[in-house]
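>>> sequence? don't have it. structure:
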């Protein structure tokens, strides 16, 4: 993880650290588009981060969920954005919950 500190993030993107304190692997770094911050599913994760860590933290935004849950959330958001050109396909915002959060 020492190399992660030196990596710059492109404009329009945000570095986040994902993981749970009790996980053996610790936190994993991801770079996500800033547009995720406005997605309803991601907003739930931001609320959980606020409850866990508060607003005043240093370094990348820490998200309190398992890496597996985060990867699933990211997949859902990406799938939804790809399907946005097909209004007949149903989005599943409300049915998803992060089990580890």
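That came through fine. What you see is a predicted model, and the numbers here were worked out from it, not measured in a lab.
>>> Residue 24 versus residue 36, what's the distance?
Counting by CB to CB, to the nearest Å, the separation of residue 36 from residue 24 is 26 Å. C-beta: built from backbone N, CA, C; applies to glycine.
>>> Among the two, which residue is more densely surrounded?
residue 36 (20 against 6; other CB atoms under 10 Å).
>>> And the residue nearest the centre of this protein?
residue 70 (5.5 Å; CA atoms, centre = their mean).
>>> would residue 17 count as being in a strand?
Yes - the assignment for residue 17, made by DSSP: H, G, I helix; E, B strand; the rest coil, places it in a strand.
>>> Give me the nearest residue to it, chain neighbours excluded.
residue 27 (4.1 Å; CB to CB, 6 or more residues apart in numbering).
>>> so that neighbour sits right up against residue 62, yeah?
Yes - between residue 27 and residue 62 there is a contact under CB atoms under 8 Å: 6.8 Å.
>>> Who has more neighbours out of the two?
Comparing residue 27 with residue 62 by other CB under 10 Å, the one with more neighbours is residue 27, at 19 against 15.
>>> ok, now which ones touch residue 53?
Contacts for residue 53 (CB atoms under 8 Å, 6 or more residues apart in numbering) come out as 62, 64.
>>> How far away from the center of its chain is stretch 63-73?
7 Å (CA atoms, centre = their mean, to the nearest Å).
>>> avg pLDDT for that stretch?
Across stretch 63-73, pLDDT averages out at 93.
>>> Same question for it: list its buried residues.
For stretch 63-73, the neighbour count (16 or more other CB atoms under 10 Å) marks 63-67, 69-70, 72-73 as buried.
>>> which residues do residue 27 and residue 62 both contact?
17-18.
>>> how close does the residue nearest to residue 17 sit to residue 59?
Per CB to CB, residue 27 is found 10 Å from residue 59.
>>> what do the two both touch?
The contact sets of residue 27 and residue 59 overlap at residue 17 (CB under 8 Å, 6+ apart).
>>> Quick check: residue 28 touching residue 19?
Yes - with contact defined as CB under 8 Å, residue 28 reaches residue 19; the gap is 5.9 Å.
>>> okay, and the common contacts of those two?
residue 67.
>>> Looking at those two, which is more packed in?
More neighbours surround residue 19 than the other of residue 28 and residue 19, with 20 against 16 (other CB under 10 Å).
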